[in-house]
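Chemist: dropping the sequence and predicted coords here.
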Amino acid sequence: MTPSRRTFLASTGAAVTLMPFAFGPARADGHAMDTIETENGQVRIQPVDHASFVMDTTGVVVAVDPVGDPARYKENDTPGMVLITHEHGDHFDIDTITELTKWPETKLVVNPAVHAKLPADLADRAVVLANGDTTFQGGIDITAIPAYNITEDRLNFHPQGRDNGYVLDINGFRVYISGDTEDIPEMRSLENIDLAFVCMNLPFTMSAEAAASAVADFAPAFVYPYHYRGRDNGTQDPMEFANMLPDGIEAKMGGWYDT
């Protein structure tokens, strides 16, 4: 059966055609790569763990918040860009970053707080984005989106103004990466997002209900729930999140956790 297509205008005005995700070969540890066919080429997504994934844009391989064994981020190609949202240990691992940026052409994009923690050699080559800043790296327009807590008893986890989410514009295909945040106004007001990665865990970020409400507002075509294990009873159910989404938004389930 031929899969249906979804065509819509991205912010650039260029038509982007999405085919339903085709699942590539499974990784040895059970994680799989998803492929999105767009009019401008493939975008491939490989969940790795919790908040970490690899995105192959055809033009450049991007490792997002890589932590742990660097080999998990180089199974297909050495990343040409490493993107860090903030300084917490489940997003920022200096040993992993050092290994993944041994190729001198690899771009490193970080927020100011992470930049302050980098050794001098990496700090000198890093692109530093504060909230609202933009850059063009590896053929991708990157905008730093605020990421912070708004609930009173969570404000110490992610204070406003420190951490980043990101919007990546890949030839008109727009990807939102939430980092660690609650359902802030800056998320709800996003426009023309094709693919989103949205966190949900307690007490550190937000509930599945809050995440689904925000996603309903900015209405991406596809969304991955990720970063959904929390403390004690704070783990959120990605399927419950998916069931709360309105028609027209498709949730994708990545292999973020081995068990």
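Modeler: Yep, that arrived.
Chemist: can you give me the helices in the stretch 1-150 of the chain?
Modeler: 94-100, 112-115, 120-125 (DSSP state H, counting those that start in this stretch).
Chemist: and the last one, how far from the chain's centre?
Modeler: Between the centre of helix 120-125 and the centre of its host chain there is 24 Å, according to Cα atoms, centre = their mean, to the nearest Å.
Chemist: go on, the shortest one?
Modeler: A distance of 18 Å separates the centroid of the chain from that of helix 112-115, by Cα atoms, centre = their mean.
Chemist: show me which residues of stretch 249-259 are buried.
Modeler: For stretch 249-259, a neighbour-count test (16 or more other Cβ atoms under 10 Å) marks 249-252, 254-256 as buried. Heads up, the C-betas are built off the backbone N, CA and C, glycines and all.
Chemist: repeat for stretch 141-159
Modeler: Neighbour-count burial for stretch 141-159 [16+ other Cβ under 10 Å]: 141-149, 154, 157-158.
Chemist: before we move on, back to that, could the buried residues of stretch 249-259 be laid out in TSV, adding secondary structure and pLDDT?
Modeler: Formatted as TSV, the buried residues of stretch 249-259 follow (DSSP: H, G, I helix; E, B strand; the rest coil; pLDDT from 0 to 100):
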residue	secondary structure	pLDDT
Ile249	coil	97
Glu250	strand	94
Ala251	strand	95
Lys252	coil	94
Gly254	coil	90
Gly255	coil	89
Trp256	coil	91
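Chemist: out of the residues you listed, which two sit at the greatest distance?
Modeler: Maximum pairwise distance among the buried residues of stretch 249-259 (Cβ to Cβ): 20.7 Å, between Ile249 and Gly255.
Chemist: now, which of the buried residues of stretch 249-259 sits nearest Leu122?
Modeler: The closest of these, once distances to Leu122 are taken by Cβ to Cβ, is Trp256, at 26.7 Å.
Chemist: tell me the contacts of that closest one?
Modeler: By Cβ atoms under 8 Å, 6 or more residues apart in numbering, the residues touching Trp256 are 47-50, 226-228.
Chemist: can you check Ala63 too?
Modeler: 52-54, 73, 79, 81-83, 100.
Chemist: what's the distance between it and Asp247?
Modeler: As judged by Cβ to Cβ, to the nearest Å, Ala63 and Asp247 stand 33 Å apart.
Chemist: about what we covered before: need the buried residues of stretch 249-259 in TSV (columns: distance to Phe92).
Modeler: Formatted as TSV, the buried residues of stretch 249-259 follow (distance: Cβ to Cβ, whole Å):
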residue	distance to Phe92
Ile249	30
Glu250	30
Ala251	27
Lys252	25
Gly254	20
Gly255	22
Trp256	18
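Chemist: just to revisit the earlier point, taking the buried residues of stretch 141-159, tell me the two that lie furthest apart.
Modeler: Asp141 and Arg154 (30.9 Å).
Chemist: how close does Tyr166 get to Ile97?
Modeler: Distance from Tyr166 to Ile97, by Cβ to Cβ: 16 Å.
Chemist: again, but for Ala242
Modeler: For Ala242, the distance to Ile97 - Cβ to Cβ - is 32 Å.
Chemist: neighbour count winner among those two?
Modeler: Remark: of Ala242 and Ile97, Ile97 carries more neighbours, 24 against 18, as counted by other Cβ atoms under 10 Å.
Chemist: if I read this right, Val60 contacts Ile142, doesn't it?
Modeler: No. Contact criterion Cβ atoms under 8 Å: Val60 and Ile142 do not qualify, at 11.2 Å.
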